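1. Sequence first, predicted model second:
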Amino acid sequence: MIRAGRLKHVQTMADLADALGKKLTTLRNQKPYAAEDHPAPISSPNSRAQLWDAEQTRAYYAGEPVPELPGVDDDEDLLDRHEAAELLGVSPVTWNSYKNAPDLVAGVVLVPEGRKGTEHWPRRLVLAYKDGRPGRGAGGGRRAGSGDTIPRDRILPRIAELLDADPAITVDAVADTLGITKFPTAQSGLATLRGRRIADLVEAEPDLDPKAAARRLGYPAGTHRGAIARAERELYARSVKPYLQRTAALLAEAGIARQADVEMRRLDGQPLAAVVWLEAGQPAPALVWDERFGWRTATNRRHPIGRPTGTAPEGEGIRHLGSGPRPEPGELVAALREGREGAERPHSPL
């Protein structure tokens, strides 16, 4: 870091080359700064732009005692992205999202000054952001009941961007960065996306074990169990979709369904379900498929699947169609065309 009050002494590699009367390429080839007794860089170890304190390097090359730098943290110390991220306990990639906060944008210092300078922030601004960010206090993220700050249909795409940048990103970091609740929003979104990506990899390489896929994708070991469970459900859903799509297409071709697309839905920990919307004049607004019980008519236009329970829905207007959980599409067409309402009770699940 650049200690408080020592910005004027910061020396870039180009500055060091000038001070030694060397070309920059010569300095890089000779690497005198790699000598064991050379003053250490004041930039963080992971920074691409190495910086030194000019007073230290001047004394070193003059054969004089190298002065010590201040060793006590100060609010005016300047931190680079790696140091700021470490102070907050997040990854540098996550800090890249945090640094867009208005106070951090206003207080950024480029070292050296100019378009190609390395970004630094005063320690006080980083600490102020840490104290004021949505995730402060126990639990992280937004407080329970406060709601999410971005539209729900944008949450998964935004989490996907963070996961692209850092496969090991934590639930806390996602919640804090996006201003969403830690449980269940951030946790569920991360698990869902990791599961889908594991499924993509396994689908592309059928001999690959899901756990091996999770490791290859760089997911932390502690996330494997939940992500693999999501991946297995995702793979099952993909295996079922052709049947559901074929059924929806035949119903649409017969003039029974509105369109040939099927809506697949699964709530956390619940069975897979699908909805096919029917044309006006049919005995119900929609058909619902449940992986346990097969097809049934739905009476609720807004929420055709209804609240998941351990038993199949029953009641007025609800009829179960076809023989078994996956009847041939023609059975459904025949039942609806001939006006047969089907059975009041479902077939036993497989």
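-> Ah, there it is. Numbering: from 1, shown residues only.
2. And the strands in this protein?
-> Here the chain has its strands, by DSSP state E, at 10-12, 51-53, 78-79, 109-111, 118-122, 263-265, 273-277, 286-290, 294-298, 320-321.
3. Now tabulate the ones you listed in JSON lines and tack on mean neighbour count, distance to residue 162 and mean pLDDT.
-> Where you see a C-beta, it was placed from the backbone N, CA and C, and this is true even at glycine. Shown next, in JSON lines, are the strands of the chain (neighbours: other C-beta atoms under 10 Å; distance: least, C-beta to C-beta, whole Å; pLDDT from 0 to 100):
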{"stretch": "strand 10-12", "mean neighbour count": "21", "distance to residue 162": "32", "mean pLDDT": "94"}
{"stretch": "strand 51-53", "mean neighbour count": "23", "distance to residue 162": "29", "mean pLDDT": "95"}
{"stretch": "strand 78-79", "mean neighbour count": "23", "distance to residue 162": "22", "mean pLDDT": "94"}
{"stretch": "strand 109-111", "mean neighbour count": "16", "distance to residue 162": "26", "mean pLDDT": "91"}
{"stretch": "strand 118-122", "mean neighbour count": "21", "distance to residue 162": "20", "mean pLDDT": "92"}
{"stretch": "strand 263-265", "mean neighbour count": "15", "distance to residue 162": "25", "mean pLDDT": "81"}
{"stretch": "strand 273-277", "mean neighbour count": "22", "distance to residue 162": "29", "mean pLDDT": "91"}
{"stretch": "strand 286-290", "mean neighbour count": "24", "distance to residue 162": "34", "mean pLDDT": "93"}
{"stretch": "strand 294-298", "mean neighbour count": "23", "distance to residue 162": "37", "mean pLDDT": "92"}
{"stretch": "strand 320-321", "mean neighbour count": "22", "distance to residue 162": "43", "mean pLDDT": "90"}
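4. any idea how far the spatially closest residue to residue 75 that is not a sequence neighbour is from residue 131?
-> On the basis of C-beta to C-beta, 6 or more residues apart in numbering, the spatially nearest residue to residue 75 that is not a chain neighbour turns out to be residue 124, at 3.9 Å. In this view, residue 124 and residue 131 are 11 Å apart by C-beta to C-beta, to the nearest Å.
5. Neighbour count for these two, which is higher?
-> Neighbours of residue 124 and residue 131, each counted by other C-beta atoms under 10 Å, are more numerous for residue 124; the result is 13 against 9.
6. Any figure for the gap between the residue nearest to residue 75 and residue 224?
-> Going from residue 124 to residue 224 by C-beta to C-beta gives 40 Å.
7. now do residue 272
-> Per C-beta to C-beta, residue 272 is found 22 Å from residue 224.
8. Please parse this protein into its domains.
-> With domains defined by automatic domain parsing, the chain comprises 7-132, 239-337.
9. OK, contacts around residue 301?
-> Neighbour list for residue 301: 285, 286 [criterion: C-beta atoms under 8 Å, 6 or more residues apart in numbering].
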